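Visitor: Requesting a structural model of the entry that follows:
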Amino acid sequence: MEANLQNEIKELNLAYLMLAQQMLHADREAAMLKLGVGEDIAALIVKLSPGQILRMASSDMLLCQFRFDDELLLGLMSNHDRDNQAARIHATILAASQPVGRLA
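Guide: Numbering: from 1, shown residues only. Got it, this is the predicted structure:
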């Protein structure tokens with residue numbers, strides 16, 4: 001069970017890093033907002049070689065994190081009773097106001 005979980009984390013890490021790099025190449029500003037990262041982290045992700053991405057992805061530590069540690073944001077993203085477009089816009093505004101990831 002533990003080995004299976006570690007493999008799932010590695011696959012998720014790889015998918016996340018590849019998607020993040022692709023998003024940043026396509027539209028850096030929008031990607032930074034959607035990923036919740038600052039310019040310094042975005043620059044590092046863009047520069048990663050395929051080998052570096054594979055090495056990072058092979059970690060058994062999850063590289064991405066949930067951004068909805070705010071109850072209101074979680075409610076907006078999961079509530080299907082309200083107007084979906086308005087809720088998504090409100091959630092985007094709330095997420096944009098949260099601090100972004102930075103290098104220590």
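
Visitor: Buried residues in the helix or strand containing Ile53, which are they?
Guide: Secondary-structure element containing Ile53, defined by DSSP states H and E: helix 50-57. By 16 or more other C-beta atoms under 10 Å, the buried positions in helix 50-57 come out as 53, 56-57. In this view, the C-beta of every residue, glycine as well, is placed from N, C-alpha and C.

Visitor: and if you look at stretch 26-37?
Guide: Here stretch 26-37 shows 31-32, 34-37 as buried, counting by 16+ other C-beta under 10 Å.

Visitor: Take the residues you listed and keep only those in helices.
Guide: 31-32, 34-35 (DSSP state H).

Visitor: Farthest-apart pair in those residues, please.
Guide: Met32 and Lys34 (7.5 Å; C-beta to C-beta).

Visitor: which parts of the longest helix along the chain are buried?
Guide: Looking across the chain with DSSP H, the single longest helix is helix 2-26. Using 16+ other C-beta under 10 Å as the test for burial, helix 2-26 gives 9-10, 13-14, 16-17, 20-21, 23-24.

Visitor: Among those residues, which one sits closest to Cys64?
Guide: Tyr16 (4.6 Å).

Visitor: can you pull the contacts of the closest residue to that closest one other than its chain neighbours?
Guide: Counting by C-beta to C-beta, 6 or more residues apart in numbering, the nearest residue to Tyr16 once its immediate chain neighbours are dropped is Cys64, at 4.6 Å. Cys64 is in contact with 12-13, 16, counting by C-beta atoms under 8 Å, 6 or more residues apart in numbering.

Visitor: so how far is Ile9 from Cys64?
Guide: 10 Å (C-beta to C-beta, to the nearest Å).

Visitor: Tell me where the model's unsure across this structure.
Guide: Under the criterion pLDDT under 70, the flagged ranges of the chain are 1, 67-104.

Visitor: returning to that earlier point: how about the buried residues of helix 2-26 in JSON lines, adding distance to Val46?
Guide: Below are the buried residues of helix 2-26 laid out as JSON lines (distance: C-beta to C-beta, whole Å):
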{"residue": "Ile9", "distance to Val46": "23"}
{"residue": "Lys10", "distance to Val46": "22"}
{"residue": "Asn13", "distance to Val46": "17"}
{"residue": "Leu14", "distance to Val46": "17"}
{"residue": "Tyr16", "distance to Val46": "15"}
{"residue": "Leu17", "distance to Val46": "11"}
{"residue": "Ala20", "distance to Val46": "9"}
{"residue": "Gln21", "distance to Val46": "6"}
{"residue": "Met23", "distance to Val46": "10"}
{"residue": "Leu24", "distance to Val46": "5"}
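
Visitor: Okay then, goodbye and thanks.
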